[in-house]
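Asker: Only the shape, not the letters, is given here:
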(Lines give C-alpha, C1' and ligand atoms only; values in the text may rest on other atoms or scores of the structure.)
Protein backbone atom coordinates (compact mmCIF):
# COMPACT_ATOMS: atom_id res chain seq x y z
CA UNK A 1 0.00 0.00 0.00
CA UNK A 2 1.19 3.54 -0.72
CA UNK A 3 3.00 5.26 2.19
CA UNK A 4 1.00 8.46 1.68
CA UNK A 5 -2.29 6.56 1.98
CA UNK A 6 -1.18 4.71 5.12
CA UNK A 7 0.11 7.89 6.78
CA UNK A 8 -3.08 9.73 5.79
CA UNK A 9 -5.20 7.03 7.42
CA UNK A 10 -3.02 7.40 10.52
CA UNK A 11 -3.57 11.17 10.48
CA UNK A 12 -7.34 10.72 10.27
CA UNK A 13 -7.31 8.28 13.19
CA UNK A 14 -5.15 10.65 15.27
CA UNK A 15 -7.53 13.51 14.42
CA UNK A 16 -10.53 11.52 15.58
CA UNK A 17 -8.64 10.57 18.75
CA UNK A 18 -7.76 14.25 19.36
CA UNK A 19 -11.43 15.23 19.06
CA UNK A 20 -12.50 12.67 21.65
CA UNK A 21 -9.69 13.66 24.00
CA UNK A 22 -10.63 17.33 23.67
CA UNK A 23 -14.32 16.67 24.35
CA UNK A 24 -13.46 14.55 27.37
CA UNK A 25 -10.97 17.15 28.67
CA UNK A 26 -13.72 19.74 28.99
CA UNK A 27 -15.34 17.57 31.70
CA UNK A 28 -12.28 17.61 33.98
CA UNK A 29 -10.37 20.52 35.50
CA UNK A 30 -7.35 21.67 33.50
CA UNK A 31 -3.84 21.67 34.93
CA UNK A 32 -0.41 22.91 33.96
CA UNK A 33 0.71 19.31 33.48
CA UNK A 34 -2.13 18.57 31.03
CA UNK A 35 -1.20 21.66 29.03
CA UNK A 36 2.57 21.23 28.91
CA UNK A 37 3.05 17.47 28.57
CA UNK A 38 1.62 16.87 25.04
CA UNK A 39 4.30 18.91 23.22
CA UNK A 40 6.98 17.49 25.52
CA UNK A 41 5.94 13.93 24.61
CA UNK A 42 5.61 14.85 20.96
CA UNK A 43 9.13 16.27 20.89
CA UNK A 44 10.54 12.74 20.96
CA UNK A 45 9.33 12.44 17.37
CA UNK A 46 12.16 14.77 16.36
CA UNK A 47 14.43 11.75 16.64
CA UNK A 48 13.23 10.95 13.10
CA UNK A 49 15.68 13.57 11.86
CA UNK A 50 18.56 11.25 12.78
CA UNK A 51 17.60 9.22 9.71
CA UNK A 52 18.84 11.05 6.56
CA UNK A 53 15.59 10.39 4.61
CA UNK A 54 13.66 12.61 7.05
CA UNK A 55 16.04 15.58 7.04
CA UNK A 56 14.78 18.86 5.63
CA UNK A 57 16.26 21.75 3.70
CA UNK A 58 16.24 25.22 5.25
CA UNK A 59 13.35 26.24 3.00
CA UNK A 60 11.28 23.17 3.97
CA UNK A 61 11.89 23.94 7.65
CA UNK A 62 10.82 27.55 7.15
CA UNK A 63 7.68 26.56 5.22
CA UNK A 64 6.63 23.95 7.80
CA UNK A 65 7.20 26.26 10.78
CA UNK A 66 5.38 29.23 9.21
CA UNK A 67 2.36 27.14 8.17
CA UNK A 68 2.25 25.45 11.58
CA UNK A 69 2.33 28.78 13.39
CA UNK A 70 -0.42 30.16 11.15
CA UNK A 71 -2.59 27.11 11.84
CA UNK A 72 -1.97 27.52 15.58
CA UNK A 73 -3.82 30.85 15.50
CA UNK A 74 -7.07 28.99 14.85
CA UNK A 75 -6.46 26.66 17.79
CA UNK A 76 -5.51 29.52 20.12
CA UNK A 77 -8.69 31.41 19.23
CA UNK A 78 -10.89 28.44 20.10
CA UNK A 79 -9.16 27.41 23.35
CA UNK A 80 -10.50 29.40 26.26
CA UNK A 81 -10.69 28.59 29.94
CA UNK A 82 -13.36 29.33 32.50
CA UNK A 83 -13.69 29.07 36.26
CA UNK A 84 -16.37 26.60 37.42
CA UNK A 85 -16.78 25.33 40.98
CA UNK A 86 -13.50 26.97 42.00
CA UNK A 87 -11.64 24.98 39.32
CA UNK A 88 -10.34 25.96 35.90
CA UNK A 89 -11.92 24.15 32.95
CA UNK A 90 -11.37 24.31 29.22
CA UNK A 91 -14.50 25.79 27.63
CA UNK A 92 -16.28 23.65 25.08
CA UNK A 93 -16.06 25.17 21.63
CA UNK A 94 -18.17 23.91 18.74
CA UNK A 95 -15.81 25.70 16.37
CA UNK A 96 -12.83 23.68 17.63
CA UNK A 97 -14.12 20.42 16.13
CA UNK A 98 -14.78 22.10 12.78
CA UNK A 99 -11.34 23.72 12.82
CA UNK A 100 -9.67 20.42 13.68
CA UNK A 101 -11.52 18.66 10.84
CA UNK A 102 -10.69 21.54 8.49
CA UNK A 103 -7.00 21.39 9.39
CA UNK A 104 -7.05 17.64 8.86
CA UNK A 105 -8.61 18.04 5.41
CA UNK A 106 -6.08 20.72 4.47
CA UNK A 107 -3.29 18.44 5.66
CA UNK A 108 -4.57 15.49 3.61
CA UNK A 109 -4.99 17.58 0.47
CA UNK A 110 -1.54 19.15 0.90
CA UNK A 111 0.04 15.76 1.53
CA UNK A 112 -1.59 14.31 -1.57
CA UNK A 113 -0.41 17.19 -3.74
CA UNK A 114 3.08 17.44 -2.25
CA UNK A 115 3.70 13.67 -2.34
CA UNK A 116 4.30 13.89 -6.07
CA UNK A 117 6.95 16.61 -5.56
CA UNK A 118 8.66 15.72 -2.29
CA UNK A 119 10.07 12.37 -1.12
CA UNK A 120 7.98 10.55 1.49
CA UNK A 121 10.60 10.87 4.26
CA UNK A 122 11.04 14.59 3.80
CA UNK A 123 7.29 15.06 3.56
CA UNK A 124 6.87 13.18 6.82
CA UNK A 125 9.53 15.37 8.42
CA UNK A 126 7.78 18.49 7.16
CA UNK A 127 4.38 17.44 8.47
CA UNK A 128 5.82 16.50 11.86
CA UNK A 129 7.51 19.90 12.09
CA UNK A 130 4.29 21.61 10.94
CA UNK A 131 2.30 19.82 13.68
CA UNK A 132 4.91 20.61 16.33
CA UNK A 133 5.04 24.26 15.20
CA UNK A 134 1.27 24.36 15.53
CA UNK A 135 1.05 22.69 18.94
CA UNK A 136 3.81 24.58 20.76
CA UNK A 137 2.40 28.14 20.27
CA UNK A 138 -1.10 26.84 21.00
CA UNK A 139 0.00 25.25 24.27
CA UNK A 140 2.07 28.30 25.25
CA UNK A 141 -1.04 30.45 24.74
CA UNK A 142 -3.12 27.96 26.73
CA UNK A 143 -0.56 28.01 29.55
CA UNK A 144 -0.58 31.81 29.70
CA UNK A 145 -4.38 31.91 29.70
CA UNK A 146 -4.55 29.19 32.36
CA UNK A 147 -2.04 30.96 34.60
CA UNK A 148 -3.94 34.24 34.29
CA UNK A 149 -7.11 32.55 35.57
CA UNK A 150 -5.13 30.61 38.17
CA UNK A 151 -3.74 33.85 39.63
CA UNK A 152 -7.21 35.40 39.55
CA UNK A 153 -8.76 32.36 41.24
CA UNK A 154 -6.14 32.25 43.99
CA UNK A 155 -5.80 36.01 44.43
CA UNK A 156 -2.19 36.16 43.31
CA UNK A 157 -1.11 39.56 42.05
CA UNK A 158 1.57 39.99 39.43
CA UNK A 159 4.35 42.40 40.21
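Answerer: That came through, no problem. Because the structure is predicted, anything quoted here is derived from the model rather than measured.
Asker: what about this structure, any weak spots by pLDDT?
Answerer: 1, 4, 159 (pLDDT under 70).
Asker: how about the nearest residue to residue 114, chain neighbours excluded?
Answerer: Nearest in space to residue 114, with sequence neighbours left out and distances taken as C-beta to C-beta, 6 or more residues apart in numbering, is residue 123 at 5.8 Å. The C-beta positions use only the backbone N, C-alpha and C, and glycine is treated the same way.
Asker: actually residue 136, not the one I typed
Answerer: Using C-beta to C-beta, 6+ apart, the closest residue to residue 136 is residue 39 (5.2 Å).
Asker: contacting residues for the one you found?
Answerer: Residues near residue 39 by C-beta atoms under 8 Å, 6 or more residues apart in numbering: 132, 135-136, 139.
Asker: ok, back up a step: would you confirm that the residue nearest to residue 114 contacts residue 115?
Answerer: Yes: in this structure, residue 123 is within contact of residue 115 by C-beta atoms under 8 Å, at 6.0 Å.
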